[in-house]
Every structure is written in structure tokens, then in C-alpha cells.
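I'd like to go over a predicted model; first the sequence, then the structure.
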Amino acid sequence: QVQLVESGGGLVQAGGSLRLSCAASGRTFSTSAMGWYRQAPGKEREFAAAISWNGLSTYYADSVKGRFTISRDNAKSTVYLQMNSLKPEDTAIYYCASYPSGSHYFTTPVYWGQGTQVTVSS
């Protein structure tokens with residue numbers, strides 16, 4: 001069983017930055033690709049970013065590419081999402097997700113965090 005706990009959300013003005021963290025418990029973190037998803041009010045959850053188990057490969061949605069950076073620290077069992085140049089349309093609940101151990105991130109996550117709210121004011 002893996003538990004994921006997000007933190008770092010909050011209210012920020014457009015153009016500002018936030019860094020989200022996701023602390024994971026469980027022995028499979030270092031062998032699992034990780035991802036960030038988001039759900040805006042009235043919309044379906046969507047993919048934002050993902051990172052391979054060793055941190056050497058990343059993938060981003062077009063909507064965040066060039067502004068967001070995903071990273072991980074396997075020694076701390078933590079994955080991060082650095083969000084820069086934030087826009088009001090980035091307002092959403094951000095969820096951390098874990099993919100099946102040993103798999104690539106082009107698959108369906110198996111574990112989810114509870115989410116953290118990010119609100120970007122104009």
C-alpha cells in the first residue's frame with residue numbers, strides 16, 4: 001500500500017510561483033514513476049506532468065510545458081512540482097499519483113493523494 005500526501009498549495013497572484021510536494025510512504029516509491037494531475041472546477045481531472053522512477057525522463061502536458069518542472073528525491077520519497085508563471089487557468093486541485101512499480105508513466109496511476117488546492121488570482 002502506498003500513501004501520498006500533497007502540500008504546498010495556496011493562493012498566488014498571476015505570474016507568481018508555487019512548489020508542490022508529495023510525500024510518499026511505501027517501499028515502491030523508488031521504483032515507481034510519479035505524476036501530477038489537476039482538476040479545475042466543473043472539469044475532468046487532467047494530466048499535468050510525470051517523471052520516471054529514476055528522474056531521467058519527464059513528460060508534460062502542453063498547457064504547462066515550459067512553466068512547470070517535475071522532480072523527485074528518492075532518498076526523501078518525495079516528488080515536487082515547481083510551478084512558475086502561474087495563470088488563473090492553472091487554478092485547480094492538484095493531485096499526486098503513483099504509477100505501477102516498474103512501469104512507464106504512459107499508463108494509469110494506481111495510487112492517488114488527497115489533493116491540494118492551487119488558486120491563481122488575476
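In hand now; what should we look at?

residue nearest the middle of this structure, spatially speaking?
The residue lying closest to the centre of the chain (C-alpha atoms, centre = their mean) is residue 36, at 2.4 Å.

from residue 122, how far out is it?
23 Å (C-beta to C-beta, to the nearest Å). Backbone N, C-alpha and C define where each C-beta goes, glycine included.

wait, isn't the residue nearest to the centre of the chain in contact with residue 21?
No - contact status for residue 36 versus residue 21: not in contact, 10.8 Å apart, counting by C-beta atoms under 8 Å.

before we move on, the earlier item: beta-bridge partners for the residue nearest to the centre of the chain, please?
residue 49, residue 96 (DSSP bridges).

what's the answer for residue 79, then?
Under the criterion used (DSSP bridges), residue 79 bridges to residue 22, residue 72.

check contacts around it.
Residues near residue 79 by C-beta atoms under 8 Å, 6 or more residues apart in numbering: 21, 22, 24, 34, 36, 51, 70, 71, 72, 73, 96.

can you rerun that using 7 Å?
Applying C-beta atoms under 7 Å, 6 or more residues apart in numbering to residue 79 gives the contacts 22, 34, 51, 70, 72, 96.

any chance of those in CSV, with neighbour count, distance to residue 41 and pLDDT too?
Below are the contacts of residue 79 laid out as CSV (neighbours: other C-beta atoms under 10 Å; distance: C-beta to C-beta, whole Å; pLDDT from 0 to 100):
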residue, neighbour count, distance to residue 41, pLDDT
22, 26, 22, 98
34, 28, 25, 97
51, 24, 27, 97
70, 21, 23, 98
72, 23, 29, 98
96, 28, 20, 98
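
could you dump these into CSV with distance to residue 13 added?
As requested, the contacts of residue 79 are arranged in CSV below (distance: C-beta to C-beta, whole Å):
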residue, distance to residue 13
22, 24
34, 28
51, 27
70, 23
72, 28
96, 24
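
tell me how far residue 8 lies from residue 36.
Taking C-beta to C-beta, one finds residue 8 at 11 Å from residue 36.

nearest residue to residue 13 other than its sequence neighbours?
Excluding the flanking residues, the one nearest residue 13 by C-beta to C-beta, 6 or more residues apart in numbering is residue 121, at 5.4 Å.
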